[in-house]
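[1] curious how this folds, go ahead:
(one chain, ligands or ions: 2)
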Amino acid sequence: KEDIKWAGPKADFKEASGVLQLNYYPACPDPDRAMGLAPHTDSTLLTILYQNSTSGLQVFKEGAGWVAVPPVPGGLVINVGDLMHILSNGSYQSVLHRAMVNRSHHRLSSAYLYGPPSTAEISPHPKLVGPTHPPLYRLVTWNEYLHTKAKHFNKALSSVRVCVPLNGLGDVNEQNNSVTVG
Ligand SMILES: O=C(O)CCC(=O)C(=O)O
Ligand SMILES: [Fe+2]
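    Ligands and ions are numbered 1, 2, ... in the order given. All right, here's what the predicted structure looks like:
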């Protein structure tokens, strides 16, 4: 199996796909009746997120529900995405998150999403699979995964899953599939 060419200190970034997403959430007098950004996981490897001083980001934590991630001055938030989830064979789970709107302040965030070339083949890393650790996800090209994500949204990870884990639970991210965002 070939090494990963699109990540690491000596990576070839020429064909890689990076996206800078700028989000603006106007103040909303009735925030409980509006959603800034619907619950989702990022498809990419890691996301580097900057948020201004207005709170709104929440992550879903098993057993605790939605937990606020308050802005830290000068701090960045790093999200694990689906690609890391697949590569690590589920050891690093992609984080379900959403953005709420604020009653009195507008909110800005910018997310840098790093992705491989569209033809890159994505599967659990060979060093992490073996007789006692079967691969949980089948091989997909990055392009194929993005199409699957556009179609199945928060069920995309499950749809490329090849066998049920020993504890019999599905992906945490599966529970929220009601709203689609761009
Ligand atoms: O605005 C935020 O804090 C979250 C943005 C986000 O999740 C995204 O752009 O993917
Ligand atoms: Fe996100």
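[2] let me see the contact set for the spatially most central residue of the chain.
    Note on the chain: the residue nearest the mean C-alpha position is Asp42, at 2.4 Å, using Cα atoms, centre = their mean. The neighbours of Asp42, taking Cβ atoms under 8 Å, 6 or more residues apart in numbering as the test, are 79, 81-82, 94, 111, 113. C-betas here are computed from N, CA, C, even on glycine.
[3] which of those residues sits closest to Ser158?
    Asp82 (10.8 Å; Cβ to Cβ).
[4] need the phi and psi values for the closest one.
    Main-chain torsions, Asp82, degrees, to the nearest 10: phi -60, psi -40.
[5] which residue, other than its chain neighbours, is closest to the spatially most distant residue from the centre of the chain?
    Most distant residue from the mean C-alpha position of the chain: Pro29, 29.2 Å away (Cα atoms, centre = their mean). Nearest non-adjacent residue to Pro29, counting by Cβ to Cβ, 6 or more residues apart in numbering: Arg103, 6.4 Å away.
[6] so that neighbour versus Thr132, what's the distance?
    To Thr132, Arg103 is 51 Å away according to Cβ to Cβ, to the nearest Å.
[7] for the chain, what spans make up the helices?
    Assigned by DSSP state H, the chain shows helices spanning 82-87, 142-152, 156-159.
[8] now distance to ligand 1 too, for the ones you listed, in CSV please.
    Converted to CSV, the helices of the chain look like this (distance: least, Cβ to the nearest ligand atom, whole Å):
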stretch, distance to ligand 1
helix 82-87, 12
helix 142-152, 12
helix 156-159, 15
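[9] most packed of these?
    Comparing those by mean neighbour count (mean count of other Cβ atoms under 10 Å), helix 82-87 ranks first with a mean of 23.
[10] okay, now Asp12: neighbour count?
    Close neighbours of Asp12, defined as other Cβ atoms under 10 Å, add up to 11.
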